[in-house]
Structure formats: C-alpha cells, structure tokens
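Engineer: Attaching a predicted model along with its sequence, questions to come.
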Amino acid sequence: MDLGLSGNVVLVTGAASGMGKAVAQLFGCEGAHVIAADLNESGARETAESIVRARGLADAVCLDVTSRAAWSDVIAGVAQVDVLCNIAGPGARSGQLDTDDAEWRRQIEGHLTGVFLGCQSVLPSMMERRAGKIVNMCSSTAHGVGAGIPAYCAAFGGILAYTKNLARFAAPYHINVNCVSPGNIETPMTRSGWLDQPGAMERLRETMPIARIGQPEDVAPWFVFLASDQARHVVGIEIIVSGGQLLV
C-alpha cells in the first residue's frame, strides 16, 4: 500500500531514542525526508545516520521543545514541514505527595508546552498551503490511570484536550491533527525509570490483557498511518496502543 509519504518532510521530536527513534526510522522506510530532532543532538544524529544507512533521507537538528526561539530556528532552516510528530518529553519521577513545583513545571513544559510550541510553529505555513499533518504523542495516563504520577497525567490530559481543540481549528485548512496514546512501552527511558527494577516486568505483564510489554515498533506505525493519505478523513482522534490496559 502506497501511503503517499515519499518526498514529504517529516519533523520528529524526541528522535534520539525510544518511540521517537522508531517513528523516525519508519518514516524513513516510507521514503520521507526525516528531520530527526532532539535535545540530545548526538542521539538525533545517530538516528538520522541509521536512516541514511537504510538508503533513506534524513537530517538531524538539536531542539529544545520548550523554547519558542529554538523552534523558530529549526523551522527557519527547513523549506517546509509536511508532517510534524511531537514525541519529545521527560519521564515521570515523583508521586502525589512528593511532586514539587519544579517537577510539575518540568512535566507541563516538557510535554504540553512543547507540543503547543511545535504546533504553533508549523501552523502558519500549513495553513497557507492548506495541507499538513500533525500527530501528537499522548498517553493512556491522559485517562487518569497512573494515579501515582500526577504531573505526568496532567500534562498528557492537556495534550489530549489541546489536540482535539486544534483539530477542530485546523480541519478547514485541510490540516489533520490527531494523537497516539501508548500504554507502558519498553524504552530506554522507561527501563531506567522503573522497568529495570526487580520484578517490575513481571508485575506489569500481570496488568496487561495481551500479556506482553509494548515495544516502540508497536507504536510507530500509527504515527505513519495518521500522517498518510490513508488518514485524510481522520480528524481529532486518539489511537490508544496499550495492550488493553485501559480495559482493566
């Protein structure tokens, strides 16, 4: 199936590792020109090089998604962005009673503000061209699961609401805005955060109706699909990739 992505410029944030890297690489396989963006510039460069080694087209940029100036610099250096995938964001650290002001701001700025700035940065050009796709990384925690990580849940609840709000605004300009909400996915961030703790993997599997831990490769195809011509009539939806965790 031709997804119509060949030659499209696709900007992927958080592309240095985990789900962002898997998304960037899959777009590369579909013939897109990938801009791998991450605050970890060397990691973004490694992702871009892996796409090039696979005979794809990719460049790497350093991007702090919480900085409007950084977004402006990146967008100014690209002829146009056909697809924006907002994936970057920090992992959860603290619980209900030990989340301090700094951690609250880190989560809201790293996730919600980063998505807002990214979308606002690409919208004028997409509106002028009356074309574009935006796919935001959300999370199953937007639905209130993960009671012990309040700032993380609040940030993604905001992203879910913002995605729907923006989708309604952008649709008349033929810009499709949607989001993907993974459940627990095994990535370098989740392993270092808690999955490497003794027994964590086994306990998590017990909560999964499908009895397996999600991988970045389980999430990436949904970003590619929502960015494709096949999803031209899909507006303001959330695709939940959680192995059935929200059914429990």
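Structural biologist: Arrived safely. Numbers count the residues shown, from 1 in each chain.

Engineer: For the rest of this, base every contact and every neighbour count on C-alpha atoms.
Structural biologist: Fine.

Engineer: I'd like to know how far the residue most central in space within the chain sits from His111.
Structural biologist: Centroid-nearest residue in the chain: Ile87, 2.2 Å away (criterion: Cα atoms, centre = their mean). Here Ile87 is placed at a distance of 8 Å from His111 (Cα to Cα, to the nearest Å).

Engineer: Show me what the longest strand belonging to the chain is packed against.
Structural biologist: Criterion DSSP state E: the longest strand present in the chain is strand 175-182. Other elements packing on strand 175-182 under the criterion 3 or more Cα pairs under 8 Å, 6 or more residues apart in numbering; DSSP states H and E are strand 132-137, helix 150-170, helix 216-226, strand 238-241.

Engineer: Need the contact partners of the shortest one.
Structural biologist: Here strand 238-241 makes contact (Cα atoms under 8 Å, 6 or more residues apart in numbering) with Ser139, Ser140, Leu160, Asn178, Cys179, Val180, Ser181, Pro182, Gly183, Asp218, Val219, Trp222.

Engineer: Swap in 10 Å and give it another go.
Structural biologist: 135-140, 160, 163-164, 177-185, 214, 218-219, 222-223, 226, 246 (Cα atoms under 10 Å, 6 or more residues apart in numbering).

Engineer: Identify the contacts common to Ile87 and His111.
Structural biologist: Val65, Asn136, Met137, Cys138.

Engineer: can you list these in CSV and add distance to Ala36 and neighbour count?
Structural biologist: Listed next are the shared contacts of Ile87 and His111 as CSV, based on distance: Cα to Cα, whole Å; neighbours: other Cα atoms under 10 Å:
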residue, distance to Ala36, neighbour count
Val65, 13, 28
Asn136, 15, 28
Met137, 15, 27
Cys138, 19, 29
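
Engineer: Name the nearest of those relative to Ile35.
Structural biologist: Ile35 has its nearest neighbour among the shared contacts of Ile87 and His111 in Val65, at 14.0 Å by Cα to Cα.

Engineer: so what's the closest one closest to, chain neighbours aside?
Structural biologist: Sequence neighbours aside, Gly114 is the residue nearest to Val65 in space, at 4.7 Å (criterion: Cα to Cα, 6 or more residues apart in numbering).

Engineer: Now do the one you found, the pLDDT please.
Structural biologist: If you check Gly114, the pLDDT there is 98.

Engineer: Make 631 the starting number, not 1.
Structural biologist: With the count now opening at 631, the last piece we talked about shows up as Gly744.

Engineer: ok, it to Pro720 distance?
Structural biologist: The value you get for Gly744 to Pro720, if Cα to Cα is used, is 11 Å.

Engineer: quick one: low-confidence parts of the chain?
Structural biologist: Within the chain, the segments meeting pLDDT under 70 span 776-777, 821-827, 829-830, 878.

Engineer: That one: strands as residue ranges?
Structural biologist: Remark: strands assigned in the chain by DSSP E are 639-643, 663-668, 687-692, 713-716, 762-767, 805-812, 868-871.

Engineer: who touches Leu876 in this structure?
Structural biologist: Shown in contact with Leu876 (Cα under 10 Å, 6+ apart): Ser770, Thr771, His773, Gly774, Val775, Gly813, Thr837, Met838, Pro839, Ile870.

Engineer: State the pair within those residues that is farthest apart.
Structural biologist: Counting by Cα to Cα, the most remote pair of these is Gly774 and Pro839, 18.5 Å apart.

Engineer: Give me the neighbour count for the residue nearest to Val695.
Structural biologist: Residues near Gly744, counting by other Cα atoms under 10 Å, number 25.
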